[in-house]
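**Student:** With the sequence up front, the predicted model follows.
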Amino acid sequence: MRHDWEFHVVDTVNWLRPLLGGALIGLSAAALWGLNGRIAGISGMVGQLLGPDGGWRAAFLAGLVAGGALMLSFLPDAFSTTAVRPLTVTAIAGFAVGVGTQLGHGCTSGHGVCGLGRFSVRSAAATLVFLGGGIITASLYRWIAGAAS
C-alpha cells in the first residue's frame, strides 16, 4: 500500500526533471551568448558546421551529444526503447523540419529559446507558427491514423 508521501515524491520527480532540463538549456544558451556572442540555434550550427567558424559549433554540438549520452548512462529509463512512429514517418518529419528551419531562418532553439529570451518579436511570431503548425500536424496525424485503424 502506498502512502501519501510516496505520491508526493513521484510527483516531484515528474516535474523536477523537465524543470532542470529547461534550466540547463537556458543556461547553455545564455553562456554561449555571453561568452561567445552567438545564438544557440542548432539548425544554424549544423548548417555552418563546415564553415570557417566550425570549431566552436562542433564543440557545442558535441556537448549536446555527450550530455544525452551521460543522461542515458545515469537514467536509461528516461529514454524510450521502442520507436513511437514508423521510420518513414520520422524521416519525412525530419525532412519537413529541415525545410521549415530554412524557410523560417531558424529553429525552435534559435527562435524559441534564444529569440524569446531576447524579446524578439520576429522570434515570437516564428515560435507561434512552430507551435501552431506542430499542434495542427499532430492532430491531423492522430485523426488520419485513427481513421485508418
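**Tutor:** Cool, got the structure.
**Student:** now stretch 85-103: how far from the chain's centre is it?
**Tutor:** Relative to the centre of its chain, stretch 85-103 is centred 14 Å away, using C-alpha atoms, centre = their mean, to the nearest Å.
**Student:** and L49, what element?
**Tutor:** Secondary structure assigned from DSSP states H and E places L49 in neither a helix nor a strand.
**Student:** and it, how many neighbours does it have?
**Tutor:** By the measure other C-beta atoms under 10 Å, the count of residues near L49 is 13. Bear in mind the C-beta positions are built from the backbone N, C-alpha and C, glycine included.
**Student:** likewise L116?
**Tutor:** Count around L116 with other C-beta under 10 Å applied: 13.
**Student:** just the one 10 residues further on next, same as before
**Tutor:** Counted by other C-beta under 10 Å, the residues lying close to A126 total 23.
**Student:** Give me the phi and psi angles of it.
**Tutor:** A126 has phi and psi values of phi -60, psi -40 when expressed as degrees, to the nearest 10.
**Student:** Need the pLDDT of it.
**Tutor:** What the model reports for A126 is a pLDDT of 89.
**Student:** By mean pLDDT, flag the weakest helix or strand of the protein.
**Tutor:** Counting by mean pLDDT, DSSP states H and E, the chain has its least confident helix or strand at helix 4-36, which shows a mean of 77.
**Student:** Residues touching the helix or strand where A66 lies, excluding its own?
**Tutor:** Counting by DSSP H and E, the element that carries A66 is helix 54-74. Contacts with helix 54-74, where a contact means C-beta atoms under 8 Å, 6 or more residues apart in numbering, come from 24, 28, 32, 36, 38, 40, 42, 45-46, 48-49, 78-79.
**Student:** dump the residue contacts of A93.
**Tutor:** If you count contacts by C-beta under 8 Å, 6+ apart, A93 has them with R85.
**Student:** Work out for me the element it sits within.
**Tutor:** Per DSSP H and E, A93 falls inside helix 87-103.
**Student:** Check which element follows that helix along the chain.
**Tutor:** Trace forward from helix 87-103 with DSSP H and E and the next one is helix 116-117.
**Student:** Having no further points to raise, I will conclude here.
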